[in-house]
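[1] what would the 3D arrangement of this be:
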Amino acid sequence: MIILSVTEAAIELIRKKIILGEFAPGEKLIEMKLSSDFNISRPPLREAFRVLQQEGQIISVPRKGIYVRELSIKEITDIFQFRQLIELDALRHLEQANIRKIPEMEKLLVEIKESRFQNSLTPENIYRSQKLSLNFHKTLVDTLNNSYISRNITTLIRNLSRYIYIYFSDAKNSNQAHNDHEKIFESIKNGDYQTARKQLTAHLEVSSKNISTIVGHILKKPKPSLTK
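    Below is the predicted model of the structure:
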């Protein structure tokens with residue numbers, strides 16, 4: 001069992017609340033209130049804010065305070081373009097090394113299969129589903145055995161999580177994504193890397209397009225001003 005420090009626990013809690021939308025895009029995070037709500041002192045909370053700001057999940061507006069970053073179609077496009085470059089490179093690495101077995105990926109697919117048939121679209125189920133989905137892709141990238149890339153992908157995934165959560169709020173989207181994962185894994189397992197590349201490319205392009213469309217609709221709705 002991993003025991004988190006007070007700061008780490010605060011970081012994880014704020015991250016999750018941002019993903020779940022409990023801290024909405026553009027919402028001001030008031031230090032005194034969160035300190036009371038989380039039952040922690042303000043120094044570790046400030047350190048949590050510093051880490052989350054470095055990751056790009058919150059921003060600091062001079063003389064106004066800390067805010068959750070707004071949703072952005074440009075961010076979605078940039079993230080998926082970067083992912084496509086790195087993940088296709090990971091597939092090329094697998095092909096060159098003739099790697100067909102990825103035990104961590106296989107284990108994740110078993111977990112995904114167990115979770116996807118839970119018909120209840122509760123926030124916790126959607127949260128777990130998006131986390132497993134993104135971990136599938138991180139596992140692929142980790143096969144590059146490049147610590148710098150893995151660290152950057154971890155940060156990228158943290159910023160992508162709330163978009164995937166929104167996307168997976170419709171069960172058909174999570175089911176399609178998990179079907180894609182199984183097909184990609186099977187192609188790798190069979191040594192058919194060319195098909196895996198085509199499947200992965202299509203999966204990322206469709207996901208990017210669909211998520212951008214959904215977020216575009218959200219952005220058209222009236223929302224509180226960032227500076228309030």
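[2] got the phi/psi numbers for residue 61?
    phi -100, psi 120 (degrees, to the nearest 10).
[3] give me the outermost residue of this protein relative to its centroid.
    Checked against the mean C-alpha position of the chain, the extreme residue using C-alpha atoms, centre = their mean is residue 63, at a distance of 30.3 Å.
[4] any idea how far residue 184 is from that one?
    Distance from residue 63 to residue 184, counting by C-beta to C-beta, to the nearest Å: 48 Å. For glycine as for every other residue, the C-beta is placed from the backbone atoms N, C-alpha and C.
[5] could you measure from the closest residue to residue 29 other than its chain neighbours over to residue 28?
    Counting by C-beta to C-beta, 6 or more residues apart in numbering, the nearest residue to residue 29 once its immediate chain neighbours are dropped is residue 66, at 4.6 Å. Separation of residue 66 from residue 28 (C-beta to C-beta): 7 Å.
[6] with neighbour numbers in mind, choose between those two.
    residue 66 (19 against 16; other C-beta atoms under 10 Å).
[7] could you look up the SS state of that one?
    strand (DSSP: H, G, I helix; E, B strand; the rest coil).
[8] residue 27 is in contact with that one, correct?
    No - with contacts counted by C-beta atoms under 8 Å, residue 66 stays clear of residue 27, the gap being 9.7 Å.
[9] pretty sure residue 219 is touching residue 73, no?
    Yes - the pair residue 219 / residue 73 is scored as a contact, 7.4 Å apart, by C-beta under 8 Å.
[10] identify the contacts common to those two.
    Between them, residue 219 and residue 73 share no contacting residue under C-beta atoms under 8 Å, 6 or more residues apart in numbering.
[11] just checking, what packs against the helix or strand bottoming out on mean pLDDT in the chain?
    Within the chain, no helix or strand scores below helix 103-116, which has a mean of 89 by mean pLDDT, DSSP states H and E. On a contact count with 3 or more C-beta pairs under 8 Å, 6 or more residues apart in numbering; DSSP states H and E, helix 103-116 meets helix 123-142, helix 171-189.
[12] and the longest one, how far from the chain's centre?
    Yep, that's helix 123-142 we're talking about. Per C-alpha atoms, centre = their mean, to the nearest Å, the displacement of helix 123-142 from the mean C-alpha position of its chain is 7 Å.
[13] and the next helix or strand after it with helix 171-189, angle?
    Using DSSP states H and E, the next helix or strand after helix 123-142 towards the C-terminus is helix 147-168. With axes from the mean of the first three to the mean of the last three C-alpha atoms, to 10 degrees applied, the angle from helix 147-168 to helix 171-189 works out at 140 degrees.
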